[in-house]
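Colleague: Mind folding the following:
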Amino acid sequence: MTVRGLENFFKLRAFTQVFTFGPTFRAENSQSRRHLAEFYMVEAEISFIESLQDLMKVMEGLFKSATLTVLSNCPEDVELCHKFIAPGLKDRLEHMLKNNFLIISYTEAVEILKQASQNFTFTPEWGIDLHTEHEKYLVKHCGNIPVFVINYPLALKPFYMRDNEDGPQHTVAAVDLLVPGVGELFGGSLREERYRFLEQRLARLGLIEAYQWYLDLRQFGSVPHGGFGMGFERYLQCILGIDNIKDVIPFPRFTHSCLL
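Modeller: Next comes the predicted model:
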């Protein structure tokens, strides 16, 4: 959750749905085709939402409504990209818009990857985060329709994601939306609003002192809520067929490059 995500949480006290859009900054040393040091993100926080299914409806609705708006308002620009950069993408986009997005669990995703005939650079195992090669394979396996992967291991996700209380596996109510050509586009979760669960998890991580202020926000009760973030440049990559994220932003800033 970014600083803006926390700001959204505070706003939930007055508004049930809060959306923000603005720059986001990443500190990791990445030179990949889908990472920038500064990028733009749509972030949402929604109160009184108690299931991943409800959260995924908002995510799918945002993707489809935004895409339909772009296709209707900027047909010439989109057609130019599809003609010279990504032939056939228009049909693939229509295929995505016509069909309901698929849903699989993290556990199912790992089993699919283990049974794949493809040799991966990173061996898929339960408890290991999915890499870009895994994400792209899963989308192809699902017929090039966007696919939600839900219920990730607790150890892979931040402390604020809601505990599923599902025994030995111990997963959290997290969700990533994987799309053709890009991999992960959305990331979100239900938030842990239960004080006792938050306190216990922060204690296990040794973070009680650092995040006492976060606990205080829920000391006298909270509301069920969830949220997500969508990378804007990755979204443009998806609908325009641009392979490198540095080509969808006027001034790409990444490690060792901070041109104005």
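
Colleague: Now do the strands in the protein.
Modeller: Listed in chain order, the strands of the chain (DSSP state E) span 17-25, 38-47, 102-105, 147-153, 171-179, 183-190, 225-231.

Colleague: The longest one versus strand 17-25: what angle between them?
Modeller: Comparing the axes of strand 38-47 and strand 17-25 via axes from the mean of the first three to the mean of the last three CA atoms, to 10 degrees yields an angle of 160 degrees.

Colleague: which one of the strands of the chain lies closest to Arg92?
Modeller: strand 171-179 (10.2 Å; CB to CB). C-beta here means a position set from N, CA and C on the backbone, and glycine is covered the same way.

Colleague: Which one of the strands of the chain lies nearest to Ile245?
Modeller: Counting by CB to CB, Ile245 lies closest to strand 38-47 out of the strands of the chain; the figure is 7.6 Å.

Colleague: distance between the closest one and the chain's centre?
Modeller: 10 Å (CA atoms, centre = their mean, to the nearest Å).

Colleague: Give the other helices and strands that that strand contacts.
Modeller: Strand 38-47 sits against helix 3-11, strand 17-25, helix 52-73, strand 225-231, helix 232-240, with contacts defined as 3 or more CB pairs under 8 Å, 6 or more residues apart in numbering; DSSP states H and E.

Colleague: let's go with 10 Å and repeat that
Modeller: helix 3-11, strand 17-25, helix 52-73, strand 183-190, strand 225-231, helix 232-240 (3 or more CB pairs under 10 Å, 6 or more residues apart in numbering; DSSP states H and E).

Colleague: Run the angle between that strand and strand 183-190 for me.
Modeller: Following the same axes, to 10 degrees, one obtains 30 degrees for the angle between strand 38-47 and strand 183-190.

Colleague: For strand 38-47, buried residues please.
Modeller: Going by neighbour count (16 or more other CB atoms under 10 Å), the buried part of strand 38-47 is 39-47.

Colleague: Among the residues you listed, which one sits closest to Leu202?
Modeller: Closest to Leu202, out of all of those and judged by CB to CB, is Glu45, at 20.3 Å.

Colleague: so the closest one touches Phe228, yeah?
Modeller: Yes - between Glu45 and Phe228 there is a contact under CB atoms under 10 Å: 8.6 Å.

Colleague: Phi and psi next, for the residue in the chain sticking out farthest from the centre.
Modeller: Residue farthest from the centre of the chain, counting by CA atoms, centre = their mean, is Phe220 at 30.0 Å. Dihedral angles of Phe220 (phi, psi; degrees, to the nearest 10) stand at phi -110, psi 30.

Colleague: give me the low-pLDDT residue ranges for the stretch 51-200 of the chain?
Modeller: Within the stretch 51-200 of the chain, no stretch has pLDDT under 70.

Colleague: one more time with 90, if that's ok
Modeller: Low-confidence segments of the stretch 51-200 of the chain, defined by pLDDT under 90, are located at 88, 117-118, 167-169.

Colleague: ok, now which ones touch the residue nearest the centre of the chain?
Modeller: Nearest to the geometric centre of the chain sits Gly187, at 1.7 Å (CA atoms, centre = their mean). Counting by CB atoms under 10 Å, 6 or more residues apart in numbering, Gly187 makes contact with 41, 59, 157, 174-177, 227-231.

Colleague: Who is it paired with across the strands?
Modeller: Beta bridges link Gly187 to Asp176, Gly229, judged by DSSP bridges.

Colleague: separation between it and Ile242?
Modeller: Using CB to CB, to the nearest Å, Gly187 is found at 20 Å from Ile242.

Colleague: again, but for Gly226
Modeller: Separation of Gly226 from Ile242 (CB to CB): 30 Å.

Colleague: higher neighbour count, the two?
Modeller: Gly226 (27 against 20; other CB atoms under 10 Å).

Colleague: quick one: contacts for that one?
Modeller: Counting by CB under 10 Å, 6+ apart, Gly226 makes contact with 44-52, 54-56, 58, 161-162, 173-175, 188-191, 193.
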